[in-house]
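> got a predicted model here, sequence first, then my questions.
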Amino acid sequence: NKAGFLLRPGGLIFLRFPNGILHPTLFKMSEKVRAENFIHRFLVFHEYSFTPKFISKLLSDRGFSKIVIRNSPLVKGHVYGSNPAKKRFGNFLNHMIWSIASTLDFCSRGRILIGPSLEVFARKL
């Protein structure tokens, strides 16, 4: 609630969260197909993540409105280390995930958000 205290009425807040729908789903799927070691080489699983519904409720309960939640663009850079094969596969995997997430976001008019991270914009009342 510190952010709400610091902002003036009408102030804009921007947040980025791990997607609470995608991360647990991928983790459970990797366990079922016994691919935990493989999937952990290429993806970062966060200990805490939040769903869009939870984020909206949390912010609205704390005096924010005009809440917009969308898939956050993927991070750029060398997140896969210096191994060229790992980089190529990681970049392919990122592109595939982003393509699927963007398509579902567009087709569902923002109701299906499966990107690895979520961007949140909200205004203080």
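Noted; the coordinates are in hand.
> tell me where the model's unsure across the chain.
Within the chain, the segments meeting pLDDT under 70 span 1-4, 36, 38-47, 75-83, 86.
> which helix of it spans the most residues?
Taking DSSP state H as the criterion, the chain has its longest helix at helix 84-107.
> next helix or strand past that one?
Following helix 84-107 in sequence order, the next helix or strand is strand 117-124 (DSSP states H and E).
> and the longest helix of the chain, C-alpha only, in CSV?
Provided in CSV are the C-alpha atoms of helix 84-107 (Å, rounded to 0.1, in the frame of the first residue of the first chain):
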residue,chain,number,x,y,z
PRO,A,84,25.2,-21.1,-28.6
ALA,A,85,23.0,-24.1,-28.8
LYS,A,86,21.2,-23.2,-25.6
LYS,A,87,20.8,-19.6,-26.8
ARG,A,88,19.3,-20.7,-30.1
PHE,A,89,16.8,-23.1,-28.4
GLY,A,90,16.0,-20.5,-25.8
ASN,A,91,15.3,-17.8,-28.4
PHE,A,92,13.2,-20.2,-30.4
LEU,A,93,11.2,-21.1,-27.2
ASN,A,94,10.8,-17.4,-26.3
HIS,A,95,9.5,-16.7,-29.8
MET,A,96,7.1,-19.6,-29.7
ILE,A,97,5.7,-18.7,-26.3
TRP,A,98,5.3,-15.0,-27.3
SER,A,99,3.6,-15.9,-30.6
ILE,A,100,1.1,-18.1,-28.8
ALA,A,101,0.5,-15.6,-26.0
SER,A,102,0.0,-12.7,-28.4
THR,A,103,-2.4,-14.7,-30.6
LEU,A,104,-4.5,-15.8,-27.6
ASP,A,105,-4.5,-12.2,-26.2
PHE,A,106,-5.6,-10.8,-29.6
CYS,A,107,-8.3,-13.4,-30.3
